[in-house]
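*Asks:* how does the following fold in three dimensions:
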Amino acid sequence: MIKVIIFDADGVLINGEMFSVKLAKDYGISSEKTTPFFTGPFQACLIGDADLKVVITPYLKEWGWKKSADALLEYWFQAEHNIDEALVLYIQGLRQKGIKCYLATNQEKYRSAYMLDKMGFKKCFDKVYSSAHLGHQKPSREFYAKVFKDIGNVEKDEVLFWDDSVSKVAGAKKFGIHAEIYTSYEDFKKKMKQYFV
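*Replies:* Numbers count the residues shown, from 1 in each chain. Sure, this is the predicted structure:
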């Protein structure tokens, strides 16, 4: 029986246009320009080894961003503030039935804080796990192991994990917990029925 459900953030709870698409549309800063940063220095921010505001600053001039790093982060986080309210309500229903619900996401520390406070995820979940605080990213075994250990008092077959990424779902399954690909809210509800008859 499932006692714990772990949800991913982007592509599950948060949907809509990606920041890079909006940045290109609003400011003409193409993803060709920003990708080297996000596939490079940004990766250290995701595991808490670098500070996003520090490492992004040298890139801003090159991108043609005229404002501060703080202003870019504010624009970015607001651009991706698209919460699936129906899913949030569903999660509250699960929690009322005694099922523990957690968020587990690959995020750097500033967006993690934004999710907790501005998106209200602090209230929506029993706890939020971020790669920046765990020191590991999904789909590494260490990520799932740290989350599982922290949750405590639960068997692996009592845990269900939802993510929109095939590799992260595969990583969770390899760790030994139930895991499903999230494609849409309707599909999610359908798949949930097999766990809660």
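*Asks:* which residues does residue 79 contact?
*Replies:* Neighbour list for residue 79: 17, 19, 22-23 [criterion: CB atoms under 8 Å, 6 or more residues apart in numbering]. No exception for glycine: its C-beta is placed from N, CA and C like everyone else's.
*Asks:* for the chain, give me the ranges with low pLDDT.
*Replies:* Where the chain drops to pLDDT under 70, the residues are 197.
*Asks:* which stretches of it form strands?
*Replies:* For the chain, the strands defined by DSSP state E cover 4-7, 100-105, 127-130, 159-163, 178-181.
*Asks:* just the buried ones from the contacts of residue 79, in ChimeraX syntax?
*Replies:* To isolate the buried members of the contacts of residue 79 in ChimeraX, using 16 or more other CB atoms under 10 Å:
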select :19,22,23
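*Asks:* any idea how far residue 158 lies from residue 148?
*Replies:* Distance, residue 158 to residue 148, by CB to CB, to the nearest Å: 11 Å.
*Asks:* what is the neighbour count of residue 117?
*Replies:* Using other CB atoms under 10 Å, residue 117 has 11 neighbouring residues.
*Asks:* and it, what does it touch?
*Replies:* Taking CB under 8 Å, 6+ apart, one finds nothing in contact with residue 117.
*Asks:* among the contacts of residue 79, name the ones in helices.
*Replies:* If you go by DSSP state H, the contacts of residue 79 have 19, 22-23 in helices.
*Asks:* still on that earlier bit, between residue 158 and residue 148, which one's more packed in?
*Replies:* Neighbours per residue (other CB under 10 Å) separate residue 158 from residue 148, with residue 148 holding more: 20 against 16.
*Asks:* show me the contacts for the more buried one.
*Replies:* Counted by CB under 8 Å, 6+ apart, residue 148 has contacts 154, 156, 159, 175, 177.
*Asks:* just give me the neighbour total for the first one.
*Replies:* In this case it means residue 154. Count around residue 154 with other CB under 10 Å applied: 14.
*Asks:* got it, and the fourth one?
*Replies:* Residue 175 sits with 20 neighbouring residues when counted by other CB under 10 Å.
*Asks:* try the last one
*Replies:* The local packing count at residue 177 equals 22, with neighbours defined by other CB under 10 Å.
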